[in-house]
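# build me a model from this:
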Amino acid sequence: MHRLVFGFFVFALSFPAGADEPDASPRLRSDPPVITSSWDDLLEGVETPEDWERYRAVLKQRYLDLIRDRYKPPRVPLDLQIHEEAEVEGIYRRLYISYQVEAEERAHAYLGIPLGLEGKAPGVVALHGTTAEGTRQTAALDGNPDKAFLDHLCRRGYVVIAPEHFVSGERIPEKGAYDTTAFYEKHPEWTAVGKFNFEHSIAVDVLLTREEVDGKRLGVMGHSLGGHGAYYLAAYDERLKACVCNCGGSFLRHNPQVEAWARDRWYVYLKPIRPLLLKGELPDIDTHEIISLIAPRAFLDISALNDGIPLTQRQRALMLLKIADVYELTGHPENFEFFIHGRGHSVPHESRELIYGFLDAHLKPAAATATGLLLP
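Prediction:
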């Protein structure tokens, strides 16, 4: 038993039997050590912004190859239709719409438009997770209200489109929601990631049909499946100026469950890379390189250390630090943020405040987030 005395308070410290006592040697001042990690390969050989632009082009092509973008179908006319319309508490109009994404294939979405807009508003694509409620949850009609992103953002003055994922909602396959078997039968050379990127990019097109939307102030955000869907889309579609990923899954390296990205059942993200993964090899691009394609546009990552495999999630912090270096190199460190918490796979109050505040800061006029002193 050891007794430490501070002022008038006495603290008793005890150590378990057989345990070593803390080192009693003095702690010495030191310079900070350089943090190194496997994620450093992102900028190996890259020293200038010009170097980065050349390497970025290489990464962009690797990304397009990963998702098999060359196998996407041709664009077709939107043929936009409105199926339902409602006014929500005198704050915004909510439309249930559909539009063509492939020949004889239509996507459905909710579209929210604030009432009483003065001038054009920023537009956001809000993506739902792998949930039975699909985009009805995003519209606050069912499910967890913490994830009712369309409702929350419309109340803040955004025009929001919340598309239904292509294997849910009105398009649940015969084998069940989120099963991609029929998709791969129709498009054997494409990928599910390529498919949802393609459709979410068309959702951006739909936003741009609205006269209320400022086409220079567009963003995307989402949770879980929608979280990585957000950064996949922002890396793919450069019309998006801000992106938020909330609990957007893990990466390929340092992931003992990496085969989940190309599983042999249910939702199969990247089917063509399964043979590679089963051999213990990885593709030539990973999550940190895909997210870096967003730079210097605004990106916020929110994650939980206790979401999935703890040691894998702890690697996320090192990954994000290296992505921060890309933002430094491109001259816009202010456009990159991340927040790590311990609330698991969720969108708690503090995360929502960060998400909406981040979008406000990057998509609204400066006056919307400015502070001021009291007048005398």
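# mind listing the strands for the stretch 251-376 of the chain?
In the stretch 251-376 of the chain, the strands defined using DSSP state E, counting those that start in this stretch lie at 298-304, 336-341.
# of those strands, which is nearest L28?
Nearest of the strands of the stretch 251-376 of the chain to L28, taken as Cβ to Cβ: strand 336-341 at 29.6 Å. Placement of C-beta: from N, CA and C, glycine included.
# elements contacting that closest one?
Based on contacts counted as 3 or more Cβ pairs under 8 Å, 6 or more residues apart in numbering; DSSP states H and E, the elements that strand 336-341 packs against are strand 298-304, helix 310-329, helix 349-363.
# single out the most deeply packed of those.
A comparison of these by mean neighbour count, using mean count of other Cβ atoms under 10 Å, puts strand 298-304 on top with a mean of 24.
# need the contact partners of it.
Residues external to strand 298-304 that are found in contact with it (Cβ atoms under 8 Å, 6 or more residues apart in numbering): 219, 231, 234, 241-248, 291, 313, 316, 320, 323, 335-346, 351, 354-355, 358, 361-362.
# mind putting the strands of the stretch 251-376 of the chain in CSV, mean pLDDT included?
Formatted as CSV, the entries for the strands of the stretch 251-376 of the chain read as follows, by pLDDT from 0 to 100:
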stretch, mean pLDDT
strand 298-304, 98
strand 336-341, 98
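# distance to C154 for these - can I get that in JSON lines?
Conversion of those to JSON lines gives the following (distance: least, Cβ to Cβ, whole Å):
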{"stretch": "strand 298-304", "distance to C154": "20"}
{"stretch": "strand 336-341", "distance to C154": "23"}
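# if we can go back for a sec, mind checking which of the helices and strands packed on strand 336-341 is nearest W39?
Taking Cβ to Cβ as the measure, the helices and strands packed on strand 336-341 were each checked against W39, and helix 310-329 came out nearest at 4.1 Å.
# now the angle from that closest one to strand 298-304?
With axes from the mean of the first three to the mean of the last three Cα atoms, to 10 degrees as the basis, helix 310-329 and strand 298-304 are set at 160 degrees to each other.
# other SSEs contacting helix 310-329?
Packing contacts for helix 310-329, counted by 3+ Cβ pairs under 8 Å, 6+ apart, involve helix 49-66, helix 287-292, strand 298-304, strand 336-341.
# contacts for the helix or strand hosting E85, please.
Assigning secondary structure by DSSP states H and E places E85 in strand 81-88. Under the criterion Cβ under 8 Å, 6+ apart, residues 93-99, 108, 112, 115, 151, 154 lie in contact with strand 81-88.
# quick check: closest non-adjacent residue to the residue nearest to the spatial centre of the chain.
Nearest residue to the geometric centre of the chain (Cα atoms, centre = their mean): C245, 2.3 Å. In space, not counting the residues next to it along the chain, C245 is nearest to G227; the distance is 4.3 Å by Cβ to Cβ, 6 or more residues apart in numbering.
# that neighbour belongs to a strand?
No - if the criterion is DSSP: H, G, I helix; E, B strand; the rest coil, then G227 is helix and not within a strand.
# please tell me how far it sits from K322.
Using Cβ to Cβ, to the nearest Å, one gets 19 Å for the distance from G227 to K322.
# list the buried ones in stretch 69-78?
Using 16 or more other Cβ atoms under 10 Å as the burial criterion, the residues of stretch 69-78 that qualify are 69, 72, 78.
# those into CSV, with extra columns for pLDDT and secondary structure?
CSV is the format used below for these (pLDDT from 0 to 100; DSSP: H, G, I helix; E, B strand; the rest coil):
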residue, pLDDT, secondary structure
D69, 98, helix
K72, 98, coil
L78, 98, coil
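# export those to CSV and tack on distance to E199?
Conversion of the buried residues of stretch 69-78 to CSV gives the following (distance: Cβ to Cβ, whole Å):
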residue, distance to E199
D69, 13
K72, 10
L78, 12
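# for E174, state which of the residues you listed is nearest.
The shortest approach to E174 among the buried residues of stretch 69-78 belongs to K72, at 23.4 Å (Cβ to Cβ).
# I figured the closest one was touching G194, is that so?
Yes - counting by Cβ atoms under 8 Å, K72 sits close enough to G194 to count as a contact (6.0 Å).
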